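[1] What follows is a predicted protein model with its sequence.
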Amino acid sequence: MGCVRGVRVEAICGVVRHELIHAWQYYERGTADHGPTFKQWVEPLETDHHCEQYTEPKYWVVCEACGSRDPRYQRSKVVKQPEQYSYGRCGSDISIEIP
């Protein structure tokens with residue numbers, strides 16, 4: 001497929017399919033994540049578990065134990081109150097970095 005503003009159309013379609021899974025999760029379950037209900041749709045919808053970054057994040061969620069970093073693009077609950085959350089993969093404390 002071609003490109004739109006330098007981004008492959010297939011990549012854009014993959015992001016749309018990825019986000020549609022989240023929309024379905026929220027509609028059906030009231031919550032959206034990358035857990036088992038998400039993973040069941042990855043292969044049938046020919047999308048990926050993670051989305052490619054097209055812009056720089058405004059914030060980074062950083063695990064205090066292992067140093068893993070996850071991007072955030074808006075001021076979400078976890079960005080506003082990191083002390084109330086833990087890192088999903090290991091349960092450790094998190095901090096927020098602003099680039």
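    Yep, it's here. Residues are numbered from 1 along each chain as shown.
[2] Now do the helices in the chain.
    For the chain, the helices defined by DSSP state H occupy 9-29, 36-42, 77-80.
[3] Kindly reformat those helices as a markdown table containing mean neighbour count, distance to Trp60 and mean pLDDT.
    From N, CA and C alone the C-beta is placed, and that goes for glycine too. Output for the helices of the chain, formatted as a markdown table (neighbours: other CB atoms under 10 Å; distance: least, CB to CB, whole Å; pLDDT from 0 to 100):
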| stretch | mean neighbour count | distance to Trp60 | mean pLDDT |
| --- | --- | --- | --- |
| helix 9-29 | 14 | 20 | 88 |
| helix 36-42 | 13 | 22 | 90 |
| helix 77-80 | 14 | 10 | 93 |
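[4] Can I get those helices in JSON lines including distance to His50?
    As requested, the helices of the chain are arranged in JSON lines below (distance: least, CB to CB, whole Å):
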{"stretch": "helix 9-29", "distance to His50": "8"}
{"stretch": "helix 36-42", "distance to His50": "10"}
{"stretch": "helix 77-80", "distance to His50": "18"}
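[5] For Val62, find the nearest of these.
    Nearest to Val62, of all the helices of the chain, is helix 77-80, at 11.3 Å by CB to CB.
[6] Fine by me, thanks again.
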